[in-house]
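Peer 1: Sequence and predicted structure below; questions after.
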Amino acid sequence: MDTKPRDQITTGQTMIVMVNYIVGAGILTLPRTTVEAAGTPDVWISVILGGIASMLTGIIMVKLCQRFPGESFFQFIGKIIGKPLGVCLNIAIVVYFLSIASYEVRTVQEVTGFFLLEGTPAWAIDASFMWIALYLCRGGINAVSRLCRLIVPITWTIFLGVCLISLEVFDVNNLRPVLGEGIGPVWKGIMPAEVTFTLGEAMLFLTAFMEKPKKAVKVIIGGTAIATVFYVLAVVLTIGAFSVDGVTTRTWPFLDLIRSFEVDYLIFERFESLLMSIWIMQIFCLFCISFYGAALGLSQTMNRKFHNSLFVLLPLAYIISQLPPNINGLFSLGAMNGNWAIVIFGFVPLPLLIIAYLRRVGS
Amino acid sequence: MRRRRLILLLLTGGVLLSGCWSSSPIEDLNVQVGIALDAADETGMEKEFEQKGGKYPKRNKMTCTYQFIVPEGSSGSTRDGTQSKIYYNMSETGNSIFETIRELSLRTNRNPVGHHLKIIVIGESLARSTNLSELIDFFTRDNDIRLSVLVLVSKGKASEVLSQALPNQIPSLVLKGIYNNRDRSSRIGEPLSLAKLIGPLHGKTSFILQNVIASGKEPKFAGAGVIKGKTGKLIGFLNESEVEGLIWLTGRGKGGVLKIHDPESDKLITYEIKTIGSKIKAKMKGDDISFEVKIESTGRYIEMFVPGGEPLDESRIKEDEKVLEKHVKEMVQKTVAKLQGEFHVDAAEFGRTLHIQHPDVWNKVNENWDETFSHTPITYEVKIDIKDYGASGTTIE
């Protein structure tokens, strides 16, 4: 039984996968969640701080992985804390990745069903989404990373272009005063920002696939920094258009930003359909990466074939995605994922690293 | 191999031949371009329907008039040269905007679609009695209607505004288009879309909404309605020159005209505005708040009735600048006096200036700002800079 990853990806590829893993459905709601918590327009500072925190936790995970070159977290965890505990942790992580994937697919279902394809049955949206993801993941991490690299120029260009056009409704006064109520609200905003960022946990298995695992720290810093740019842009522009009072009333503030202007000097007058279609690709990448992680974790923990675990997990992902009874349920699933991420990936890796160091396992 | 080909063929066929899910041909749709909301006033047709039993339980709160584009008729005049109407309006009375739209589905086979809605006009009596956030709630919640829809008020009946335009023009689109003239007139307020309305309404900030009136055949932008933040209701109107004063005060104008008869010599000076800018400074003296407004503008002479054929030399320009400055100052003061004295609301964003410059003070006065503002002293300084005199270098002979 060979569960060792065979295909390898370059540093640049890994970085792009990393960005795609961070930037997903969260961007649509981030302006609201952060402003709700902080209550001031300073949340862009929270987002930057969240990004830095996410880098730090990511670096710890990378350091841990670098002690076991060529092995993924799921394989080497047993060597650090023993097999039974390791299996438990692995299962928790598999469930986490699966839950992230489910959250993304459900968000796509909700947003597309509401804004883009009203009348198309939810299963039709989900099914096409998930089957293609299954096909892609069967191709291995290389296929996934190639897809990420393929869509990046499209999504980034359109995202930045739309951001530029949205300056039409931007009012810088909505972002002022900066730190008018001191630094306190900024701290409150970090938590929801962090929930959206996740903590760079994809590196737990990505490092194992890297051609040059030594450069993994670069990947996590670069990837998170790029994602931070996206998030800061989304938050700043949305608050600039709606003001703090307005943002909190919007379910999908970032989409509403795109819906709040019309331009008459370009081929298109409105951009929400365009942005949403490409954003579905972005979310699709996130789904694939996280689904891939879950399947890899399951196969390596249970010592089963990777393909089989893909097939086992796909229906599970669908079931989890249909568990939230309504939109509030979906948002709490998202918040729960984020909180679990902070518990599992924020607090566990550092002790693991110390134990590994003390027990002298790994190089 | 053959089986594989067959499967491939079937798959491609499935994708290519299956057409679009939930598509609908455009000529079967009623494309909404404008909506007028008025206090309830059932139309004759509605009354007739009701007499014959066409009614459902409702409170008559408002009458919604929907303006639709006629797809076939969009080409304009018919073959024999007579002009055909390229839009039509339908009215429904009820207490839920959404229900009135769906009630239309009992009257026509074409479904109303909101993707292309451009304008919402709210009639005076409805705006005075209802919180605007209730009126726009449906529009900000709906998935088809975009947040770029512009909102206006109308002194009088809003539905009349939507029934008047020149031949071959669609009233809603005319209204939207008038906003493009902000570089030609300084009497048009900033366009307020739903997106820009949500914040002040939710944050209970006072603001102004463009007023549009109708008479005979055409609509006209005439001043603005003042919305009180606390209640979200219309409390009165600013006339055209008061709106002009507000534009000068906030410096948000893009161009226009400034005209004055010199009170001493009765000569006419017309100044074309190139730029307007304003800086407002909030000053704190102990607990007392005051504002310092500095307005600056550049432009040129565009029309001068000063007999004598004098050359427009430096001293003349200086003199006229003084006259214009005084005029602007008076205009701005009049506007602010009305806001402070009559309406007791800050619809000119002084509060925001205070919030930005003195956030700590703002937290204390925030709750009762409209009242506090009403007796806050404000000083003005206007600087007009006449850059040139057009192609004619002298006053008229």
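Peer 2: Structure received.
Peer 1: where exactly do the strands run in the stretch 51-200 of chain B?
Peer 2: B:62-69, B:87-94, B:111-113, B:119-123, B:150-154 (DSSP state E, counting those that start in this stretch).
Peer 1: Reformat those strands as a markdown table; add mean neighbour count.
Peer 2: In short, each C-beta sits where N, CA and C put it, glycine included. Formatted as a markdown table, the strands of the stretch 51-200 of chain B follow (neighbours: other C-beta atoms under 10 Å in any protein chain shown):
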| stretch | mean neighbour count |
| --- | --- |
| strand B:62-69 | 25 |
| strand B:87-94 | 20 |
| strand B:111-113 | 16 |
| strand B:119-123 | 26 |
| strand B:150-154 | 26 |
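Peer 1: can you tell me which of these the model trusts least?
Peer 2: With a mean of 86, strand B:111-113 has the lowest mean pLDDT of these.
Peer 1: So which elements touch that one?
Peer 2: Packing contacts for strand B:111-113, counted by 3 or more C-beta pairs under 8 Å, 6 or more residues apart in numbering or on different chains; DSSP states H and E, involve strand B:29-39.
Peer 1: Which other helices and strands does the strand it packs on contact?
Peer 2: Checking 3+ C-beta pairs under 8 Å, 6+ apart, strand B:29-39 ends up next to strand B:62-69, strand B:111-113, strand B:119-123, helix B:124-129, helix B:158-161, helix B:171-178.
Peer 1: and of the ones you listed, who's closest to residue A:315?
Peer 2: Of all the helices and strands packed on strand B:29-39, it is strand B:111-113 that lies closest to residue A:315, at 37.3 Å by C-beta to C-beta.
Peer 1: interface residues of the stretch 51-200 of chain A facing chain B?
Peer 2: A:114-115, A:117-120, A:124, A:169, A:173-174, A:176-177, A:180-181 (C-beta under 8 Å from any C-beta of the partner chain).
Peer 1: between these, which has the most around it?
Peer 2: residue A:174 (21 neighbours; other C-beta atoms under 10 Å in any protein chain shown).
Peer 1: Would you list the phi and psi of the nearest residue to it once chain neighbours are set aside?
Peer 2: Nearest residue to residue A:174, sequence neighbours excluded (C-beta to C-beta, 6 or more residues apart in numbering or on different chains): residue A:243, at 4.3 Å. Backbone torsions of residue A:243, given as degrees, to the nearest 10, read phi 70, psi 160.
Peer 1: correct me, but residue A:243 touches residue B:195?
Peer 2: No: contact between residue A:243 and residue B:195 fails when scored by C-beta atoms under 8 Å: they sit 9.8 Å apart.
Peer 1: Show me what residue B:123 is bridged to.
Peer 2: Under DSSP bridges, the beta-bridge partners of residue B:123 are residue B:154.
Peer 1: That one and residue B:37 touch, don't they?
Peer 2: Yes: if you go by C-beta under 8 Å, residue B:123 and residue B:37 touch, sitting 6.3 Å apart.
Peer 1: so where is the chain shaky, pLDDT-wise?
Peer 2: Going with chain A. A:1-6 (pLDDT under 70).
Peer 1: that's the other chain; I wanted chain B
Peer 2: In chain B (pLDDT under 70), the answer is B:18-22, B:72-84, B:396-397.
Peer 1: Tell me the residues of it that contact chain A?
Peer 2: B:21-22, B:140, B:143, B:146-148, B:193-196, B:198-200, B:202-203, B:205, B:352, B:355-357, B:359, B:362-363.
Peer 1: And stretch B:200-218, end to end?
Peer 2: Using C-alpha to C-alpha, to the nearest Å, one end of stretch B:200-218 lies 31 Å from the other.
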